[in-house]
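# Predicted model, plus sequence, below.
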Amino acid sequence: MADITSSVNWLAVIVGFVVAYAAGWLWYGPLFGKAWFGGQNIVMPVKPPFLAMAVQAAGTFLLAWVIGVTETTNALALTILIVATIVVLMIAGGLYSQKRGDVIGIETGYVVAMAVIMVAAQALL
């Protein structure tokens, strides 16, 4: 357990997590919100979906932590492989769910954007 906690740059993990999570507001709001909601034939809920937001926060933190762990060994290639795996699995899930291509692109694009933010946080802090 010490391998995944003691050498990690926790400041970079937290900053990467917070900025990436906040980017979701832009991503699914002003940038692509209309296309994302419309592409799934759903409407924006009146109340914020707190459970979904909490699960997203947990996943975003875990990804920031994993990227922080890979940084301790300078394993950028592993980070790319992890993110590529997540993206491919999301594409498969989207195809099975019969989501439109633009919706899949918006969702997977956000994962890539989060990873870029998190890698940048590790590099800069």
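Done, it's in. A quick note: this is a predicted structure, and the numbers were derived from the prediction, not measured.

# rest of the way, CA atoms for contacts and neighbours
Fine.

# any idea how far residue 117 lies from residue 1?
Residue 117 sits at a distance of 25 Å from residue 1 (criterion: C-alpha to C-alpha, to the nearest Å).

# hmm, which helix or strand of this protein has the shakiest average pLDDT?
One helix or strand of the chain scores below all others by mean pLDDT, DSSP states H and E: helix 33-39, with a mean of 94.

# Now the residue minimising distance to the centre of the chain: which helix or strand?
Centroid-nearest residue in the chain: residue 111, 3.8 Å away (criterion: C-alpha atoms, centre = their mean). Counting by DSSP states H and E, the element that carries residue 111 is helix 101-124.

# Double-check residue 72 against residue 8; I have them as touching.
Yes - Residue 72 is in contact with residue 8 according to C-alpha atoms under 8 Å; the separation is 6.3 Å.

# The two: which is more packed in?
Counted by other C-alpha atoms under 10 Å, residue 72 and residue 8 do not tie: residue 8 has more neighbours, with 21 against 16.
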